[in-house]
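Student: from the sequence below, what's the structure:
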Amino acid sequence: MIDEISVKDLKTFQDNNEDFQLIDVREPDEYAFANLSGELISMNSIPDRVEEISRDKKVIIMCRSGKRSAHIVAYLKEMHGFNNVYNLKGGILAYSDQIDPGIPKY
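Tutor: This is a model prediction of the structure:
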């Protein structure tokens, strides 16, 4: 079971200036095209950069549609014992659809 949060929840966290870490696991060209100001740690580099992921606060992992980020959430839980990581359900596409239509789709 993958823990997920909705884009509406993410928007609430952003609006309330809550302390959380947003990690974007897409590739640099995807991030350059459109992003939510998260930290870019591409999916393939996660194993080498696990120490950059917080264990002390909520961590939201995102990608384009939520598929890659779901894999990363499962990996972090199973292989590294994280219990504070959440998949952004629907990814940046859902954020564009439901929160900010100004974010370009690709």
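Student: all contacts plus neighbour counts: C-alpha atoms, from now on.
Tutor: Fine.
Student: these two touch, right, Val59 and Val85?
Tutor: Yes: with contact defined as CA atoms under 8 Å, Val59 reaches Val85; the gap is 4.7 Å.
Student: show me where the chain has helices.
Tutor: Assigned by DSSP state H, the helices in the chain fall at 7-15, 28-33, 67-80, 91-98.
Student: run the angle between the third one and helix 91-98 for me.
Tutor: Taking axes from the mean of the first three to the mean of the last three CA atoms, to 10 degrees, helix 67-80 and helix 91-98 form an angle of 130 degrees between their directions.
Student: deepest in the core, which of the helices of the chain is it.
Tutor: Across the helices of the chain, averaging neighbours per residue (mean count of other CA atoms under 10 Å) puts helix 91-98 on top, at a mean of 19.
Student: before we move on, the earlier item: higher neighbour count, Val59 and Val85?
Tutor: Taking Val59 and Val85 together and counting by other CA atoms under 10 Å, Val85 has the greater number of neighbours (26 against 22).
Student: before we move on, back to that, closest one to Arg49 among the helices of the chain?
Tutor: Among the helices of the chain, the nearest to Arg49 by CA to CA is helix 67-80 (11.3 Å).
Student: dump the closest one to PDB, keeping only the CA atoms.
Tutor: What follows is helix 67-80, C-alpha atoms only, in PDB (Å, rounded to 0.1, in the frame of the first residue of the first chain):
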ATOM      1  CA  LYS A  67       3.600   6.300 -11.400                       C
ATOM      2  CA  ARG A  68       7.300   6.900 -11.100                       C
ATOM      3  CA  SER A  69       6.900   8.600  -7.700                       C
ATOM      4  CA  ALA A  70       4.800   5.700  -6.400                       C
ATOM      5  CA  HIS A  71       7.700   3.400  -7.300                       C
ATOM      6  CA  ILE A  72      10.100   5.700  -5.400                       C
ATOM      7  CA  VAL A  73       7.800   5.800  -2.300                       C
ATOM      8  CA  ALA A  74       7.700   2.000  -2.300                       C
ATOM      9  CA  TYR A  75      11.500   1.800  -2.700                       C
ATOM     10  CA  LEU A  76      12.200   4.300   0.100                       C
ATOM     11  CA  LYS A  77       9.900   2.400   2.500                       C
ATOM     12  CA  GLU A  78      11.000  -1.100   1.600                       C
ATOM     13  CA  MET A  79      14.700  -0.500   1.200                       C
ATOM     14  CA  HIS A  80      15.500   2.400   3.500                       C
END
